[in-house]
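[1] Give me a model of this one.
(one chain, ligands or ions: 1)
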Amino acid sequence: MEISFQDKVVLVTGATSGIGESTAWLYAKAGAVVFLLGRNEKKGRQITLSMQEEGLRAEYWHLDVRDEVEVNSVVEGIFKKQHKIDVLVHCAGFGIRTVFTKLTYADWKDQIEVNLHGTFLIAQAVAKKMMEKNYGKIVFISSGSIITGTGGGAPYVAAKAGQVGLTRAMARELAKYNINVNVIGPRNIETPMLSGVYSEEAKRELLEKIPLKRIGGPDDIAGLALFLTSDVGGYITGQFILVDGGRTFS
Ligand SMILES: NC(=O)c1ccc[n+]([C@@H]2O[C@H](COP(=O)([O-])OP(=O)(O)OC[C@H]3O[C@@H](n4cnc5c(N)ncnc54)[C@H](OP(=O)(O)O)[C@@H]3O)[C@@H](O)[C@H]2O)c1
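    Numbers count the residues shown, from 1 in each chain. Here you go, the predicted model:
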């Protein structure tokens, strides 16, 4: 057994920033043909150009995961071009902190729409294509906050917990098509999302709470996704795996 992604077709959502961007780089360096899916066209094209300059195989395609028509046409288009989809790493997500009693129904719906409905749309479209080939690996990026909760994050945490339920249901149904579905729960990973919530001082205080004494990097998540979607991780399915430097158990 080996960890090889040579010629594997890999789709990464939310690939224009943070964890998604690092994930796209890691797969491309491992030999995969990577499709960077995201909304920020300028950033998406910049990243793919840098990859191509290094001789890696990558393309940017516009994708808003809330748009059912766009999700289906992007997945159809990539399948038509590559004749298979081997891996999906679904990183797109966002959260806004609002005190629970001040949440509007519109805020609630926005976050559920991106984080949970978007996960359903991309996962179902990709799973149908993987079933045709009797092979596939899917990883969702949820959040460690589903275990601890987080102040002001009710819709985000609810949607992220929903991704774990979806993972279990999909893993059970899709196993007979040789498709693995797993979900990663990051906590305190250095990305624009984290910087939106923690000031530099708050990050220093955060370090005290992390047994490994460092804030995680996007590669800490990308590396686990790579393992879970490789043949080496082939007997793992339906699992939620926390990546938090030991913070949650301490
Ligand atoms: N960093 C952490 O500590 C941490 C902890 C727990 C969970 N997570 C999860 O990890 C994932 C990646 O987050 P990150 O930390 O890398 O943050 P990030 O740098 O803000 O990246 C989030 C990505 O999601 C994309 N996105 C948001 N809404 C979208 C939509 N409707 N359609 C398509 N793409 C959309 C963003 O694109 P735009 O730029 O176009 O908005 C961006 O590329 C998220 O699901 C997040 O919830 C992160």
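
[2] Please name the strands paired to the longest strand along the chain in the sheet, noting orientation.
    Criterion DSSP state E: the longest strand present in the chain is strand 179-186. Applying DSSP bridges, strand 179-186 is found paired with strand 136-141 (parallel), strand 240-243 (parallel).

[3] Output it as PDB, nothing but the C-alphas.
    The C-alpha coordinates for strand 179-186 follow below in PDB (Å, rounded to 0.1, in the frame of the first residue of the first chain):
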ATOM      1  CA  ILE A 179     -16.900   5.300  -1.200                       C
ATOM      2  CA  ASN A 180     -15.500   6.400   2.100                       C
ATOM      3  CA  VAL A 181     -17.000   9.500   3.900                       C
ATOM      4  CA  ASN A 182     -15.200  11.100   6.800                       C
ATOM      5  CA  VAL A 183     -15.300  14.500   8.600                       C
ATOM      6  CA  ILE A 184     -12.600  16.500  10.200                       C
ATOM      7  CA  GLY A 185     -13.100  18.800  13.200                       C
ATOM      8  CA  PRO A 186     -10.500  21.500  13.200                       C
END
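
[4] I'd like the mean pLDDT over that strand, please.
    Average pLDDT, strand 179-186: 98.

[5] Whether it contacts the ligand - can you check?
    Yes. Counting by C-beta under 6 Å from any ligand atom, the ligand is contacted by strand 179-186 at P186. Quick note: C-beta positions are derived from backbone N, CA and C, even for glycine.

[6] from the chain's centre, how far out does that strand sit?
    9 Å (C-alpha atoms, centre = their mean, to the nearest Å).

[7] Show the contacting residues for the spatially most central residue of the chain.
    Closest to where the C-alpha atoms of the chain average out (C-alpha atoms, centre = their mean) is C91, at 2.3 Å. Contact analysis of C91 by C-beta atoms under 8 Å, 6 or more residues apart in numbering lists 12-15, 18-20, 23, 141.

[8] Just the buried ones from those?
    12-15, 18-20, 23, 141 (16 or more other C-beta atoms under 10 Å).

[9] Pipe the residues you listed into TSV and attach secondary structure per row.
    Shown next, in TSV, are these (DSSP: H, G, I helix; E, B strand; the rest coil):
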residue	secondary structure
V12	strand
T13	strand
G14	coil
A15	coil
G18	helix
I19	helix
G20	helix
T23	helix
I141	strand
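
[10] Output these as CSV; include the columns distance to I3.
    Converted to CSV, those look like this (distance: C-beta to C-beta, whole Å):
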residue, distance to I3
V12, 17
T13, 22
G14, 23
A15, 21
G18, 23
I19, 19
G20, 20
T23, 15
I141, 20
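
[11] is any part of the top helix by length along the chain close to the ligand?
    The longest helix of the chain (DSSP state H) is helix 154-174. No. Helix 154-174 does not reach the ligand (C-beta under 6 Å from any ligand atom); its nearest approach is 6.7 Å.

[12] same for that helix, what does it pack against?
    helix 105-112, helix 118-133, strand 136-141, helix 145-148, strand 179-186 (3 or more C-beta pairs under 8 Å, 6 or more residues apart in numbering; DSSP states H and E).

[13] I'm done for today, thanks for sticking with me.
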